[in-house]
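A.B. asks: Here is my input, please return the structure:
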Amino acid sequence: MSSAADLKFILSGGAANTDPAAALGGAISTAGGWVILSQSATSSTIAGVTYNDAAGNAVGNGTVTYTTSGTTLQWSAPGGSSGPVVNIGVTGDYTIYSADGLAHIKISSVSGSLGGNATQTVTIANQTNKLFDDVPVVESSVGDTEYRCMYIKNMHASETMASILLWIDIDPVGVDELQIGLDPIGVNGTATTIANENTAPAGVAFTAPTNELTALNAGSLTFGSYYAVWVKRIVPVVENSTITDTSRIKVRFV
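C.D. replies: Numbering: from 1, shown residues only. You can find the predicted model right below:
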């Protein structure tokens, strides 16, 4: 069965692109560093386990528990409690949820390298500047609207993801605003390339959905398929001030 670990956010900007500032449409990236991560998960290494990504967690220290009996892993998010055990005995990618069913980490396991029982502290931090850069004073003082293009891709080996919905789960806490829109090119199409980050992509309808009822509907993606999604950041005219801002786009599928 496909899981959240199988749906990736990937930069546009051409096959070799790893720079968010260059994600202005064009082909999906296939270079190392092409995946747009949400949160980092760092700790000492459990033998045979690699931390790839995390999402939906509070920032701080959580706990991973590996048990050799059953080759299972459990995740307790910062401020949360342990979720269901997941058998990671087969080499592959896994999503491990905390008790609330939302906070999770994404890991890879190598069956022949898994070691003995282990309990470790894992530090969760929000990733920064993974799509947009910081707003300099020269832009905020006059206002600025920028665009980025990314792809959502079904990385599962054989299964289809259906009823894919996208919405803004966490809006910026500052005066800036996010909007999102689907590229009209559709499934497996190559998004148009805009002249610069301030040029609106043609044919894209931007909205600011905040829940599943108003979410964008990307339909279904068979394994290996992808869909271009545009993100618009609107910075109004503001005074010179400094704020650390975090936002998050959420995806749901069946």
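
A.B. asks: What is the least confident helix or strand in the protein?
C.D. replies: Every helix and strand in the chain was compared by mean pLDDT, DSSP states H and E; the lowest is helix 137-140, with a mean of 71.

A.B. asks: Pull that helix out as CSV, backbone CA atoms only.
C.D. replies: C-alpha atoms of helix 137-140 as CSV (Å, rounded to 0.1, in the frame of the first residue of the first chain):
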residue,chain,number,x,y,z
VAL,A,137,14.2,45.0,3.0
VAL,A,138,14.5,46.3,-0.6
GLU,A,139,11.6,44.0,-1.5
SER,A,140,9.4,44.3,1.6
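
A.B. asks: Next SSE downstream of that helix?
C.D. replies: Remark: after helix 137-140, the chain's next helix or strand is strand 144-154, criterion DSSP states H and E.

A.B. asks: low pLDDT regions in this structure?
C.D. replies: Scanning the chain for pLDDT under 70 picks out 1-5, 32-34, 173-174, 239-246, 254.

A.B. asks: Would you mind giving the domain segments of it?
C.D. replies: The chain is divided into the following domains under automatic domain parsing: 4-36+130-252, 39-126.

A.B. asks: Just send these back as CSV, with mean neighbour count too.
C.D. replies: Glycine gets a C-beta too; all of them are placed from N, C-alpha and C. Listed next are those as CSV, based on neighbours: other C-beta atoms under 10 Å:
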stretch, mean neighbour count
domain 4-36+130-252, 17
domain 39-126, 17
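
A.B. asks: For beta bridges, what are the partners of Asn87?
C.D. replies: Applying DSSP bridges to Asn87 yields these beta-bridge partners: Thr72.

A.B. asks: Check the one 10 residues further on too.
C.D. replies: On the basis of DSSP bridges, Tyr97 takes part in beta bridges with His104.

A.B. asks: surely it meets Val85?
C.D. replies: No - between Tyr97 and Val85 there is no contact under C-beta atoms under 8 Å: 10.6 Å.

A.B. asks: which residues does Gly115 contact?
C.D. replies: Shown in contact with Gly115 (C-beta atoms under 8 Å, 6 or more residues apart in numbering): Ile46, Ala47, Gly48, Tyr66, Thr68.

A.B. asks: wait, Ile36
C.D. replies: In this structure, Ile36 makes contact with Lys8, Phe9, Ile10, Leu11, Pro20, Lys130, Leu131, Met150, judged by C-beta under 8 Å, 6+ apart.

A.B. asks: Name all residues that make contact with the residue lying closest to it once chain neighbours are set aside.
C.D. replies: Closest residue to Ile36 apart from its sequence neighbours, by C-beta to C-beta, 6 or more residues apart in numbering: Phe9 at 4.0 Å. For Phe9, the contact set (C-beta under 8 Å, 6+ apart) comprises Val35, Ile36, Met150, Tyr151, Ile152, Ile249.

A.B. asks: which residues does Phe9 form a beta bridge with?
C.D. replies: With DSSP bridges applied, Phe9 shows beta-bridge pairing to Ile152.
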